[in-house]
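Student: build me a model from this:
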Amino acid sequence: MALIRDIAQICKSKNAGPFNVTIDVLFEDHDLYRRVKATGTLNAALFSRLYGVKEEDVLFTPYDTAAAFKATFPRAIPAGDIGDTDVYGAQQHAPLLDVDIPLEN
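Tutor: So this is what the prediction gives:
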């Protein structure tokens, strides 16, 4: 098992307009990326559970050439609206950092 925080080169979030957030997980090592992808752990259902959105509202895409995963989904509160605590969407990746990936040695 390996935590995303320990194996991904970059894990970041940002706004994708005022109503959506996007999360990028990038790997420097393409072999490690392929191993993570093969587990199937990173998927739309995971983001749905972590962020409390409908699975069908999650656009999840693996990018093999870039050794990266991208997920875009609706923000709970629009950017800058009353109650928004992260106007840039820059801290939304935090729940993903503790996801365990079942990697075999």
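Student: give the buried residues for whatever helix or strand Ala71 lives in.
Tutor: Under the criterion of DSSP states H and E, Ala71 resides in strand 68-74. Residues Ala68, Phe69, Lys70, Ala71, Thr72, Phe73 are the ones in strand 68-74 that count as buried (16 or more other Cβ atoms under 10 Å). Heads up, the C-betas are built off the backbone N, CA and C, glycines and all.
Student: give me the mean pLDDT for it.
Tutor: Mean per-residue pLDDT for strand 68-74: 98.
Student: which elements pack onto that strand?
Tutor: strand 20-26, helix 44-51, strand 59-63 (3 or more Cβ pairs under 8 Å, 6 or more residues apart in numbering; DSSP states H and E).
Student: and the next element down the chain from it?
Tutor: Using DSSP H and E, the first helix or strand after strand 68-74 is helix 94-97.
Student: on contacts alone, who are the packing partners of that next one?
Tutor: Using 3+ Cβ pairs under 8 Å, 6+ apart, helix 94-97 is in contact with helix 4-7, helix 44-51.
Student: I'm done for today, thanks for sticking with me.
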